[in-house]
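J.: Here's a sequence, model it:
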Amino acid sequence: MEVKQIHTLINSVSKEVLGKTDIVQDDLTGIVDLGTEVFNQNAVDNYVKSLVNHIGKVIFVNRPYAGKVPSVLMDAWEFGSVLEKISADVPEAEENDTWNLQDGHTYDQDVFHKPAVTAKFFNSKVTFEVPVSITERQVKESFSNAAQLNGFISMIYAAVEKSMTIKADALIMRTINNMITETVLADAKAFGATAGDMAEANLASASTARCVNLLKLYNDKKDSSTKLTAAKAITDPDFIRFASYVMGTYADRLQSISTVFNVGGKERFTPKDMLHVVLLSDFAKAAQTYLYSDTFNRGDVLLPKAETVPFWQGSGKNYEFDSTGNINIKESGGKAVKISGVLGVMFDRDALGVCNLDRRVTTNYNAKAEFFNNYYKFDAGYFNDTNENFVVFFIA
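T.: So this is what the prediction gives:
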């Protein structure tokens, strides 16, 4: 074991802490142990210099990970594979003959009025598996007792569960991202896109009922001297107040039946208890910090109750807004879509989801080499229904 004398350093540090000297450079070389991947067997005692140091305590990095994605998980079923959604169109009104009776006129009551009913079928799954091999006999030599061995194996199982959660969460976010891109693609012409390809579209050029460019709506009401850029808008109290106002109106509008908030143009409404609101945490936290903290009647400017996500697709290397707020994918139909500055989405519970989830573990024992192979399998169906309400809020 290496032991370093630090009396000189600690005397200097004490004077800095007590305010007796100015702050100087502290030499921490060799003070804090950064660890090594492999134990140095040449580490011996400081007495007879020949006794190999022993491990005194073992800590297993075994921390469950619950994930942090919107709750869009639905139910599962054992038999069959197809998810069928049946909906009925709103019928048209006709003349009421009760108040238009004419002498000698026949009123036919036996006409059949067929209801307009449509069905949508979702019949696809995605799947993956995480394999892990478990041994017991071969690793006993590395531990002091059964408790340590059980802790080691428990840590491996927890790592697998963590991997499954990370991958499942990523797929849930891709389901939301795909719905965002499908919605933006439907309004591609408004943004100047050609052939429905959003890769080169100018998102700053327009704002639609389903794809709400909050920055454009804000700047359209301002003169040139008070217009904001996307980079400044997210921390500007006046813009956040405006964005909260717009989002609040949409939460109310979606409760009224309409055809303008879904790509399919169907008559749909979303009650409050079926409305999902997901906001980028950059924006939600900016509202708390820059707006709510100094607002007297904060209830009047609160954003709709929402779940938050730290990013839509990925964090990048530094969690900058240019990474967390961006989406760059090929959607289900293979079209390239790039969207920047996504602040949030509002959607009906039936607009997207994860259904028919099936997680299971299969195991086999290799008698020759004496180990177990565990295969953690994951199947689930991810769907987007563009006939349901879905609204995107972004700044560009």
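J.: Am I right that V309 is in contact with F283?
T.: No - using Cβ atoms under 8 Å, V309 is not in contact with F283, being 10.5 Å away. Bear in mind the C-beta positions are built from the backbone N, C-alpha and C, glycine included.
J.: between those two, which one's more packed in?
T.: Per other Cβ atoms under 10 Å, whichever of V309 and F283 has more neighbours is F283, with 27 against 22.
J.: right, and the helix or strand after the helix or strand the more buried one falls within?
T.: In this assignment (DSSP states H and E), F283 forms part of helix 281-290. Counting by DSSP H and E, the next helix or strand C-terminal to helix 281-290 is strand 307-309.
J.: what ranges do the strands span in the stretch 251-396 of the chain?
T.: Using DSSP state E, counting those that start in this stretch, the strands of the stretch 251-396 of the chain run over 275-280, 307-309, 327-330, 336-339, 342-348, 352-366, 371-384, 390-394.
J.: Go through those and name the closest to R137.
T.: strand 371-384 (8.7 Å; Cβ to Cβ).
J.: Would you check how far apart D103 and Q109 are?
T.: Noted for D103: a distance of 18 Å to Q109, by Cβ to Cβ, to the nearest Å.
J.: Check V260 too.
T.: V260 sits 36 Å away from Q109, going by Cβ to Cβ.
J.: Between the two, which has more neighbouring residues?
T.: Legend: neighbour count by other Cβ under 10 Å for V260 and Q109, higher for V260 (12 against 6).
J.: Who are the contact partners of the closest residue to that one other than its chain neighbours?
T.: Nearest residue to V260 in three dimensions, chain neighbours excluded: A209, at 4.6 Å (Cβ to Cβ, 6 or more residues apart in numbering). With contacts defined as Cβ atoms under 8 Å, 6 or more residues apart in numbering, A209 is in contact with V260, F261, V391.
J.: Residue ranges in the stretch 251-396 of the chain under the pLDDT threshold?
T.: Across the stretch 251-396 of the chain, the ranges flagged by pLDDT under 70 are 292-302.
J.: can you pull out the helices in the stretch 1-150 of the chain?
T.: 7-17, 146-186 (DSSP state H, counting those that start in this stretch).
J.: Between those, which one is closest to T229.
T.: Of those, nearest to T229 by Cβ to Cβ is helix 146-186, at 20.9 Å.
J.: by contact count, what packs against that closest one?
T.: Applying 3 or more Cβ pairs under 8 Å, 6 or more residues apart in numbering; DSSP states H and E, we find helix 146-186 packed against strand 126-134, strand 327-330, strand 336-339, strand 342-348, strand 352-366, strand 371-384, strand 390-394.
J.: hang on, the earlier thing: adding distance to D379, write the contacts of A209 out as JSON lines.
T.: Listed next are the contacts of A209 as JSON lines, based on distance: Cβ to Cβ, whole Å:
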{"residue": "V260", "distance to D379": "36"}
{"residue": "F261", "distance to D379": "32"}
{"residue": "V391", "distance to D379": "31"}
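J.: Closest one of the residues you listed to L51?
T.: Of the contacts of A209, the one sitting nearest to L51 (Cβ to Cβ) turns out to be V391, at 70.0 Å.
J.: Pull the contacting residues for the closest one.
T.: Counted by Cβ under 8 Å, 6+ apart, V391 has contacts T183, A209, R210, C211, V212, Y250, L254, F261, V345, M346, F347.
J.: Would you reformat the strands of the stretch 251-396 of the chain as JSON lines and include distance to R174?
T.: JSON lines is the format used below for the strands of the stretch 251-396 of the chain (distance: least, Cβ to Cβ, whole Å):
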{"stretch": "strand 275-280", "distance to R174": "14"}
{"stretch": "strand 307-309", "distance to R174": "12"}
{"stretch": "strand 327-330", "distance to R174": "8"}
{"stretch": "strand 336-339", "distance to R174": "12"}
{"stretch": "strand 342-348", "distance to R174": "14"}
{"stretch": "strand 352-366", "distance to R174": "11"}
{"stretch": "strand 371-384", "distance to R174": "8"}
{"stretch": "strand 390-394", "distance to R174": "15"}
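J.: what sits up against stretch 67-85?
T.: 119-123, 125, 165-166, 168-169, 172-173, 175-176, 276, 278, 307, 309-310, 350, 352-358, 381, 383, 385.
J.: hmm, try it at 7 Å
T.: Here stretch 67-85 makes contact (Cβ atoms under 7 Å, 6 or more residues apart in numbering) with 119-123, 165, 169, 172-173, 176, 276, 278, 307, 309, 352-358, 381, 383, 385.
J.: Of these, select the buried ones using a ChimeraX command.
T.: Entered in ChimeraX, the line below selects the buried ones among the contacts of stretch 67-85, by 16 or more other Cβ atoms under 10 Å:
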select :122,165,169,172,173,176,276,278,307,309,352,353,354,355,356,357,381,383,385
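J.: circling back: so of the helices of the stretch 1-150 of the chain, which one's packed in deepest?
T.: Highest mean neighbour count among those (mean count of other Cβ atoms under 10 Å): helix 146-186, with a mean of 17.
J.: helix or strand right after that helix?
T.: strand 211-213.
J.: State the mean pLDDT of that next one.
T.: Averaging pLDDT along strand 211-213 yields 95.
J.: What's the first helix or strand after it?
T.: Next along the chain from strand 211-213, counting by DSSP H and E, comes helix 214-219.
J.: And the contacts of that following helix?
T.: 204, 207, 227-228, 230, 233, 239, 242-243, 246, 343, 393, 395-396.
J.: next one: that helix to chain centre, how far?
T.: 25 Å (Cα atoms, centre = their mean, to the nearest Å).
J.: Then stretch 222-234?
T.: For stretch 222-234, the distance to the chain centre is 28 Å (Cα atoms, centre = their mean).
J.: Let's test this: mean pLDDT of it, rounded?
T.: Mean predicted confidence for stretch 222-234 is 87.
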